[in-house]
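what would the 3D arrangement of this be:
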Amino acid sequence: MPAAPTALTLAERLAAAPTDILSVADIVSVTGLSEATVRRLTKLPDWPDAGAPGAHGEQRFPRDACATWMADNQAARVDVSELPGDDDDRLTIAEIASRTGIKRNTLSAYPSLYKASRRRPFPPADSLGTRRWGDVKAWLSASAGRSGPRGTVEPSAGAEAPTDAPVVDVLTTATIERLTGKGKEAVKSLVRRPEIASLSSGKVGRARVWPAQALLPALWELGYLPKSGPLTDDQRAVLVDLGYLPASGKPTAEQNARLREFGYDPNGTVEHRVWLAGPLRSATELAAYYGVTASAITHRLSRAEEAADPDRPVPPPIDTEDGKRYDPKVFDAFWNSPATTRSK
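Take a look at the predicted model:
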């Protein structure tokens with residue numbers, strides 16, 4: 001699994017945008033800023049000039065010029081002491097993790113861990129699973145476990161009550177097989193893992209079940225589901241049955257928020273796109289990023305070379321002055337190909 005990313009500047013986030021022309025919505029998506037903030041920025045006299053309007057007449061701006069502007073106007077790296085965005089921004093757990101650099105799994109535990117704390121409950125979520133950014137910053141600032149001055153901002157009195165209930169239902173071992181692409185015996189071993197077994201809510205009849213809201217993030221965190229990109233037909237079908245994807249058309253805002261909170265983004269995270277666009281990487285660097293040993297990287301490459309599968313080309317090593325390196329984009333496609341992930 002990829003290692004936890006360091007926090008990125010807004011300029012780095014913009015530079016890693018997947019297209020070279022950005023709408024306001026695109027800038028909102030990659031930076032995490034609110035739409036109101038972005039629209040305010042685009043009206044500044046030195047903001048990059050808009051190019052040709054989009055299909056619906058929306059303004060579009062050159063990505064590189066926007067990244068340069070942001071680098072010139074916000075040089076400081078994103079950290080807990082100087083966090084970007086407006087206090088009234090509404091963010092999911094995944095977006096809070098992206099802004100702060102705190103691990104998503106750590107943040108996901110805060111609502112339940114601090115729910116009973118009268119002095120310091122974690123800010124509540126609204127019906128879409130988002131929290132007010134100003135309240136989160138105040139909570140982090142006031143946390144006894146963090147350094148620096150205590151915050152003076154109080155959570156807003158009008159914050160919505162928590163609504164952390166799952167969208168629907170539960171998962172069985174049969175649906176876990178469909179989600180992971182693994183056989184019955186492999187899934188039996190998987191669900192015996194302590195971190196998975198502990199999430200079970202008991203049995204329905206003779207079948208053991210797991211709350212979807214609890215198990216899906218764990219499967220994504222453990223690497224059994226893709227962090228980004230296309231899903232398999234079975235994965236998509238299960239998520240449709242559970243209500244996390246529509247049967248047709250685009251996901252709703254609530255569905256997108258839930259999936260991002262679970263750990264899935266069809267376009268990939270900003271941090272992942274930065275990694276793909278980065279320099280050539282050694283086997284040791286690849287191992288650190290994917291959370292495996294260097295020998296696991298070389299073993300996987302050797303197996304793929306022996307199999308000589310035309311549908312899964314082996315990324316060629318590139319000789320450099322510092323030894324053999326790999327193109328991170330080519331290697332990522334190999335590492336996350338269906339044939340490769342089934343062999344994990």
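
I'd like to know how many residues surround Leu222.
Leu222 has 17 neighbours, counted by other CB atoms under 10 Å. In short, each C-beta sits where N, CA and C put it, glycine included.

next one: the one 4 residues further on
Under the neighbour criterion other CB under 10 Å, Pro226 is assigned a count of 19.

same check on Thr68?
Per other CB under 10 Å, the neighbour tally for Thr68 reads 15.

wait, isn't it in contact with Ala11?
Yes - in this structure, Thr68 is within contact of Ala11 by CB atoms under 8 Å, at 7.5 Å.

how about the longest helix along the chain as CSV, C-alpha atoms only?
Assignment by DSSP state H gives helix 294-307 as the longest helix of the chain. Provided in CSV are the C-alpha atoms of helix 294-307 (Å, rounded to 0.1, in the frame of the first residue of the first chain):
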residue,chain,number,x,y,z
ALA,A,294,12.1,-4.3,-1.9
SER,A,295,12.3,-8.1,-2.4
ALA,A,296,8.5,-8.2,-3.0
ILE,A,297,9.0,-5.7,-5.8
THR,A,298,11.7,-7.8,-7.5
HIS,A,299,9.8,-11.0,-6.9
ARG,A,300,6.7,-9.6,-8.5
LEU,A,301,8.8,-8.4,-11.5
SER,A,302,10.5,-11.8,-11.8
ARG,A,303,7.2,-13.7,-11.8
ALA,A,304,5.7,-11.4,-14.4
GLU,A,305,8.8,-11.9,-16.6
GLU,A,306,8.5,-15.6,-16.4
ALA,A,307,4.8,-15.5,-17.2
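
which helices and strands does it pack with?
Helix 294-307 is packed against helix 283-290, with contacts defined by 3 or more CB pairs under 8 Å, 6 or more residues apart in numbering; DSSP states H and E.

quick one on the thing from earlier: after the longest helix of the chain, next one along is what?
strand 318-320 (DSSP states H and E).

in the longest strand along the chain, what counts as buried?
In the chain, taking DSSP state E as the definition, the longest strand is strand 207-211. Of all the residues in strand 207-211, those buried under the rule 16 or more other CB atoms under 10 Å are 208-211.

list phi and psi for Arg131.
Backbone geometry at Arg131, expressed as degrees, to the nearest 10, gives phi -130, psi 150.

pairing partners for the longest strand of the chain, with directions?
strand 170-171 (antiparallel), strand 202-204 (antiparallel) (DSSP bridges).
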